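Visitor: fold the following for me, if possible:
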Amino acid sequence: MTQSDVLTRGAAAPAGGGDRRPRRLHEGFETPSPRKGRGALSNATGRFETQKRELEDDNWASLEDLPSLRSIVARERARSILTRNESPDISFDRSINPYRGCEHGCVYCFARPTHAFLGLSPGLDFETRIFAKINAAELLERELSAPGYQPKPIAVGSNTDPYQPAERTERVTRGVLEVLSRANHPVAVVTKSALVLRDLDLLAPMAKKGLAKVAVSVTTLDPVLARRMEPRAASPQRRLETIARLTEAGVPTAALTAPIIPAINDAEIETILERAAAAGAREAGYVMLRLPLELRDLFAEWLMAHYPDRLRHVLSLVRSTRGGKLYDAAFGKRMTGEGPYAWMIGRRFEAAAARLGLGKSRAPLRCDLFTPPPRVGEQLRLF
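Guide: Alright, predicted model coming up:
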């Protein structure tokens, strides 16, 4: 990885746990105070670092004294852009993530622990230290033109949101879609941002050929809850409007109730699906809350700050879906969980989706129209 440029929107976020703010004691737990516009409450050192930092309240600082926590967007040149997987739990075997880190700041994001590979914190660093893969389109064109490449749908945004705020200026996702459009390559986009509507000029013609579809994540209809757990993502109403606009443009659209968090948003499953279907969604999916690695402590901190009365109940239900643990990465279990509570959630979702006609006909994306981009140095063909 080579970093060629850095764009800073305000002051830098502290790396590796250097945030100074008062902590309050609650039921024996030390809990950081929420930062306005941010999902995570702390910035603990990444798990691969040899030195760790701990916060200590010296009674000098106050929330009013702390500067606003701003984001940094670093431009990097990636070595490859297509990520492949063999997981039986997901419907695609290749994906593209134009960004590392995500400014939406969703506290539940399972991708947070990946920031530790950069020597950064999965906490506040994940949502304030963003890396844009500025050569993504160039790399993708090279990989699609490789001899023997076999086209299959590419998922864009399976890890971090491809339409997070940095995309407005960096346009990395836009460049990826332009390459896929020229090559008639199938693509499935996952987002919770209305910015996807900017690219309807690409997505609509591709969808008309059977080459594109979009999934919009709608985790709650409660704007207060949404602002607490997804502080910089589009509002629930804006996401429903995005589904409607995509549908009107002829882009097949799905609604994702992901993740379902026990005792936090699980009561909304049926209502979310009803509103999404009314907006025009054709398909729907769900994922149970996943808490790998550092995310376990980050999520517990968030519960303690916002829903302290539910903390023990929520974590108890999470353990009931993961064989007594807070997370189980086993194939076949990690997305839906197991046990009575997970079974009940699955049956509720299936019943509501069936009643609303979501997912009755899932038209596969076409792969037979693919035209490989010309390889570098290849002469133009006359015929």
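
Visitor: ok, the spatially most central residue of the chain - contacts?
Guide: Centroid-nearest residue in the chain, with C-alpha atoms, centre = their mean: Thr160, separated by 3.9 Å. Thr160 makes contacts with 97, 99-102, 109, 111, as judged by C-beta atoms under 8 Å, 6 or more residues apart in numbering. C-betas here are computed from N, CA, C, even on glycine.

Visitor: am I right that Ser95 is in a strand?
Guide: Yes - counting by DSSP: H, G, I helix; E, B strand; the rest coil, Ser95 is located in a strand.

Visitor: how near is it to Lys36?
Guide: Applying C-beta to C-beta, to the nearest Å, the value for Ser95 to Lys36 is 32 Å.

Visitor: next: Thr257.
Guide: Noted for Thr257: a distance of 27 Å to Lys36, by C-beta to C-beta.

Visitor: the two: who's more crowded?
Guide: Thr257 (25 against 9; other C-beta atoms under 10 Å).

Visitor: is the more buried one located within a strand, as I assumed?
Guide: Yes - Thr257 sits within a strand when classified using three-state DSSP.

Visitor: which strand residues bridge it?
Guide: For Thr257, the beta-bridge partners are Tyr286 (DSSP bridges).

Visitor: is it in contact with Ala215, as I believe?
Guide: No - the pair Thr257 / Ala215 is not scored as a contact, 10.9 Å apart, by C-beta atoms under 8 Å.

Visitor: give me the common contacts of these two.
Guide: Between them, Thr257 and Ala215 share the contacting residues Gly285, judged by C-beta under 8 Å, 6+ apart.

Visitor: if we can go back for a sec, what helix or strand is the residue nearest to the centre of the chain located in?
Guide: Under DSSP states H and E, no helix or strand contains Thr160.

Visitor: ok, the closest residue to it other than its chain neighbours - contacts?
Guide: With sequence-adjacent residues excluded and distances taken as C-beta to C-beta, 6 or more residues apart in numbering, Thr160 is closest to Cys102, at 4.1 Å. Residues near Cys102 by C-beta under 8 Å, 6+ apart: 109, 111, 126-127, 130, 160-161, 164.

Visitor: and if you look at Asp222?
Guide: By C-beta under 8 Å, 6+ apart, the neighbours of Asp222 are 236, 265, 268.

Visitor: quick one: it from Ala267, how far?
Guide: Asp222 is 10 Å from Ala267, by C-beta to C-beta.

Visitor: low-confidence stretches in the stretch 251-383 of the chain?
Guide: Residues of the stretch 251-383 of the chain meeting the criterion pLDDT under 70: 360-361, 376-383.

Visitor: which stretches in it count as helices?
Guide: 269-279, 295-306, 311-320, 340-356 (DSSP state H, counting those that start in this stretch).

Visitor: using the three-state scheme, assign Lys213.
Guide: Using three-state DSSP, the structure places Lys213 in strand.

Visitor: burial check on it, number of neighbours?
Guide: Lys213: 24 neighbours (other C-beta under 10 Å).

Visitor: please apply the same query to the one 3 residues further on.
Guide: For Val216, the neighbour count with other C-beta under 10 Å is 25.

Visitor: repeat that for Gln164.
Guide: Neighbours of Gln164 (other C-beta under 10 Å): 29.

Visitor: settle this for me: it is touching Phe131, isn't it.
Guide: No - with contact defined as C-beta under 8 Å, Gln164 does not count as touching Phe131 (11.5 Å).

Visitor: could you tell me which residues touch both of those two?
Guide: Tyr99.

Visitor: which ones are touching Leu317?
Guide: Here Leu317 is in contact with 262-263, 341 (criterion: C-beta under 8 Å, 6+ apart).

Visitor: which stretches in the stretch 1-150 of the chain count as helices?
Guide: Using DSSP H, counting those that start in this stretch, helices in the stretch 1-150 of the chain cover 124-128, 136-144.

Visitor: which of the ones you listed is buried the deepest?
Guide: helix 124-128 (a mean of 29; mean count of other C-beta atoms under 10 Å).

Visitor: counting contacts, what elements does it pack onto?
Guide: Using 3 or more C-beta pairs under 8 Å, 6 or more residues apart in numbering; DSSP states H and E as the contact test, the elements touching helix 124-128 are strand 71-77.

Visitor: and the strand it packs on, average pLDDT?
Guide: Strand 71-77 carries an average pLDDT of 95.

Visitor: give me the sheet partners of that strand and which way each runs.
Guide: So strand 71-77, judged by DSSP bridges, has these partners: strand 2-9 (antiparallel), strand 129-133 (parallel).

Visitor: my guess is Gly280 meets Leu240, correct?
Guide: No - counting by C-beta under 8 Å, Gly280 sits too far from Leu240 to count as a contact (9.4 Å).

Visitor: in terms of neighbours, single out the busier of these two.
Guide: Leu240 (22 against 17).

Visitor: that one and Arg275 touch, don't they?
Guide: Yes - counting by C-beta under 8 Å, Leu240 touches Arg275, with 5.7 Å between them.

Visitor: what residues are shared contacts of those two?
Guide: Residues touching both Leu240 and Arg275 by C-beta under 8 Å, 6+ apart: Val218.
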